[in-house]
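Build me a model:
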Amino acid sequence: MERVAIIGCGAYMDSGYGCPGEWRCLKAAALGEGNFDSPCQVVAFIKCECPGRPLISNLGMAMKLSEIKPDKIYFSSCLAGSTPGCPYLSPGELASLVQKATGIEVVLGTHDYH
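Below you'll find the predicted structure:
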């Protein structure tokens, strides 16, 4: 079973801007729906906090403490495609930074639930 980390938009999850929290991402991963090809094991769920500076170090710490390296990293649908979007970095720019720092493929979006 593929092991994945999910990075969510902390502002959307904490403020209720159309995302009630991580349950939709976890459901899609567990069932292999949305952008997940098959059911996955979620080994980390991390919030990106504005302006995003600690994200890569927090992801590194999560992998170090869990001693599990994910096969892929998914940006939650609220991080990858929210409107209004992040005022600091586009999802593509942030994904490039994360992929460069970790060497792990980054997928934009987790689910299509409304």
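
measure residue 49 to residue 58 for me?
8 Å (Cβ to Cβ, to the nearest Å). Where you see a C-beta, it was placed from the backbone N, CA and C, and this is true even at glycine.

What residue, apart from its backbone neighbours, is nearest residue 25 spatially?
Leaving aside its chain neighbours, residue 25 sits nearest to residue 110 (4.4 Å; criterion: Cβ to Cβ, 6 or more residues apart in numbering).

my read: that neighbour touches residue 30, true?
No: in this structure, residue 110 is not within contact of residue 30 by Cβ atoms under 8 Å, at 11.3 Å.

The two: who's more crowded?
residue 110 (28 against 13; other Cβ atoms under 10 Å).

show me the residues around that one that make contact.
Listed by Cβ atoms under 8 Å, 6 or more residues apart in numbering, the contact set of residue 110 reads 6, 24-25, 28-29, 34-36, 74-77, 80.

hmm, try it at 6 Å
Contact analysis of residue 110 by Cβ atoms under 6 Å, 6 or more residues apart in numbering lists 25, 28, 34-35, 74, 76-77.

hang on, the earlier thing: would the residue nearest to residue 25 count as being in a helix?
No: membership of residue 110 in a helix is not supported by DSSP: H, G, I helix; E, B strand; the rest coil, which gives coil.

Now, the contacts of residue 110 that are in strands?
Mapping the contacts of residue 110 onto strands (DSSP state E) picks out residue 74.

Using CSV, write out every CA atom in the worst-scoring helix or strand of the chain on mean pLDDT.
Of all helical and strand segments in the chain, the minimum by mean pLDDT, DSSP states H and E falls on helix 10-15, at a mean of 82. Extracted C-alpha coordinates of helix 10-15, given in CSV (Å, rounded to 0.1, in the frame of the first residue of the first chain):
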residue,chain,number,x,y,z
GLY,A,10,-4.2,25.8,7.7
ALA,A,11,-6.0,29.1,7.0
TYR,A,12,-8.8,27.2,5.2
MET,A,13,-9.1,24.5,7.7
ASP,A,14,-9.0,26.7,10.8
SER,A,15,-11.3,29.4,9.4
